[in-house]
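A.B. asks: predicted model follows, preceded by the sequence.
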Amino acid sequence: RLLRRRMGEGGAFAPMLVGTSFVGMFFGLGVILARSMGALRTVALFTVVVLAGDVLLGSRLQLGSVFGQNPTVGGRFYGFGNTSFALYGLAALVLVAWVAGARWRSRQVAVGLGLGLLVVLLAIEGLPSLGADFGGPPGLLLGGLVVIAGAAGVRLTLRRSVVAVVAAGLLVGAISWLDWRRPQASRTHLGEFVDTVISGEAGSVLGRKLAQNLTNLGSPPLLAISIATVVLVVVAWRVGWRPVDAGVPVLRGAVVLALVGFAVNDSGLVIPAFIAVVLAPTLVAAGAASDGRGGSQNAGSAEPGVPR
């Protein structure tokens, strides 16, 4: 009776009830999917669906959220910020590795599907009308290529690495140029950067971003997360932990994503730290301590390319 009266009066209880039911439905769906897909893939799928769906619908979930855009700072009001990109990027690598390492009709089909998925995720991340992220696509592209190469059994040589870096630069340049071609009132910071290059002010902009990146290195929470992650990896390695073969491509891609994200963006340790927060359980899922016979204590995944 109280529930009916509160809902009839149009109070705040009805939205809360709907929201709770929605969360419960997603939780139940996650449990069902985890039994067949594995926990890691399920978490990655939900992360990509929620963040990509939010960007496609106008980025309303991120504005004013705990790890989203801060309206007080006013640096960004839509698209992917550095925090959301770190979570989105790592989840994207897991899904790309899953698709590229799955047993399709042939290895070429699997690699092609993995590349196709990577292109779609890159478009959502980088297009000015969607993610509008200048510093995200290079790291996601390079990390994705590392993941696909590992899943396909392709050895990364110096020549292939240089080609991948050049391709990442060309991708960012093309997206920025297309944004610059739009009317000035419709441009994002991608097109504005092209404008600064044309006007000869790119040096001062890059210098300011580099200085801001170095200044942000001293953030105590982010520094603590980064140091703790390094200590965790060193200790795990010393006690005999090794990643299983299925987890190696994801871990390598995540490292590339973190390093490139740190170098290209101006947020200091934000991207590496938040990747590390998600990467810690990924390490647990990807491998176990050696059993002393060169094997792993867990069987890992039945499919190459990504742990379950």
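C.D. replies: Now that the structure is in, tell me what you want to look at.
A.B. asks: check contacts around L210.
C.D. replies: D266 (C-beta atoms under 8 Å, 6 or more residues apart in numbering). All C-beta spots, glycine's among them, are computed from the backbone N, C-alpha and C.
A.B. asks: can I get the CA coordinates of the helix or strand hosting it in CSV?
C.D. replies: Element membership for L210 (DSSP states H and E) is helix 202-215. C-alpha atoms of helix 202-215 as CSV (Å, rounded to 0.1, in the frame of the first residue of the first chain):
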residue,chain,number,x,y,z
ALA,A,202,51.8,24.0,-32.1
GLY,A,203,55.1,24.2,-30.3
SER,A,204,53.7,26.2,-27.4
VAL,A,205,50.6,24.0,-27.2
LEU,A,206,52.8,20.8,-27.0
GLY,A,207,55.1,22.4,-24.5
ARG,A,208,52.2,23.3,-22.3
LYS,A,209,50.7,19.8,-22.5
LEU,A,210,54.1,18.3,-21.7
ALA,A,211,54.5,20.5,-18.6
GLN,A,212,51.0,19.7,-17.4
ASN,A,213,51.7,16.0,-17.9
LEU,A,214,54.9,16.2,-15.8
THR,A,215,53.1,18.2,-13.2
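A.B. asks: buried ones in the helix or strand following that helix?
C.D. replies: Later in the chain than helix 202-215, the nearest helix or strand by DSSP H and E is helix 220-238. Neighbour-count burial for helix 220-238 flags L222, I225, S226, T229, V233, A236 (criterion: 16 or more other C-beta atoms under 10 Å).
A.B. asks: and stretch 89-103, by the same measure?
C.D. replies: Buried-residue list, stretch 89-103, by 16+ other C-beta under 10 Å: 89-102.
A.B. asks: same deal with stretch 197-215?
C.D. replies: V197, K209, N213.
A.B. asks: and for stretch 101-111?
C.D. replies: Applying 16+ other C-beta under 10 Å to stretch 101-111 flags G101, A102, R107, A110, V111 as buried.
A.B. asks: can you tell me the distance between the two ends of that stretch?
C.D. replies: End-to-end distance of stretch 101-111 (C-alpha to C-alpha, to the nearest Å): 8 Å.
A.B. asks: what's the mean pLDDT across it?
C.D. replies: Mean per-residue pLDDT for stretch 101-111: 82.
A.B. asks: for A52, give its distance to E125.
C.D. replies: 9 Å (C-beta to C-beta, to the nearest Å).
A.B. asks: now do the shared contacts for those two.
C.D. replies: Y88.
A.B. asks: no further questions, thank you.
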